[in-house]
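S.K.: Fold the following, please.
(one chain, ligands or ions: 1)
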Amino acid sequence: MKFFIDTANLDEIKELNDLGILDGVTTNPSLMAKVGVQGRENVLKHYKTICEMVDGDISAEVISTDFEGMLREGKELAALHNNIVVKVPMTRDGIKAIKAFSEMGIRTNCTLIFSVGQAILAAKAGASYVSPFLGRLDDVSTDGLSLIEDLVLVFANYGFDTEILAASIRHPMHIVECAKIGADVVTCPGSSIDKLFNHPLTDIGLAQFIADYKKVEG
Ligand code: E4P
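M.R.: Here you go, the predicted structure:
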């Protein structure tokens, strides 16, 4: 299972990358706004910095909603670095753009996926990744994890190359359940990844080992 971090915060990215367990980064316009990156030039510079930090796929989202605009923006983003994956929203123009990008050899991540049907369209258009937003489905009393389960089944039925990138992760159990189901990638806030470290028995066990060592070693 690949681990992506869902942030545009360079400190958070560096911290996880330094642990050696980071496979990529996803961003979106809201995450870029959260770290105060404004203006096209700064946005492009920020993506480039992330690409130079992390040896893995970096999703950079287009802002345009029309086909021509998405193509223009996507080509500009893809030209920044080999690690860039162009993130395109799940719309009719988005699907058309994904098809065009796939014919140009530009990798894509189809975002804002909330149903199996949407994911099938994206996979057929040649998306490298689909991003089902499981936390946002949970927020509207719909089981996000069952969408991941359905996608794993359907993609296996047809041998789609498109990877399932579970997004909108809210807590560590989302990560564990996605791993059990077989999502290819999870993209998570650093806080959810951090919580995977914790277990009280680990802390108790370690304290006991150190105490016993001190008893005999002084
Ligand atoms: C990832 O690609 C998405 O942008 C992200 O996971 C959305 O998460 P949220 O629902 O917590 O905003």
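
S.K.: mind listing what the nearest residue to S64 once chain neighbours are set aside touches?
M.R.: Spatial nearest neighbour of S64, chain neighbours left out: M70 (4.9 Å); criterion: C-beta to C-beta, 6 or more residues apart in numbering. C-beta here means a position set from N, CA and C on the backbone, and glycine is covered the same way. M70 is in contact with 62, 64, 88, 93-94, 97, counting by C-beta atoms under 8 Å, 6 or more residues apart in numbering.

S.K.: how far away is I106 from the ligand?
M.R.: 18 Å (C-beta to the nearest ligand atom, to the nearest Å).

S.K.: Mind pulling up the pLDDT for the spatially most central residue of the chain?
M.R.: By C-alpha atoms, centre = their mean, the chain has its centre lying nearest to T187, at 3.4 Å. The score at T187 is 98. That number is its pLDDT.

S.K.: Please enumerate the strands of the protein.
M.R.: 2-6, 24-26, 57-61, 84-89, 108-113, 129-132, 163-166, 185-188 (DSSP state E).

S.K.: quick one: the third one to chain centroid distance?
M.R.: Right, strand 57-61. 8 Å (C-alpha atoms, centre = their mean, to the nearest Å).

S.K.: likewise the shortest one?
M.R.: Counting by C-alpha atoms, centre = their mean, strand 24-26 is centred 5 Å from the centre of its parent chain.
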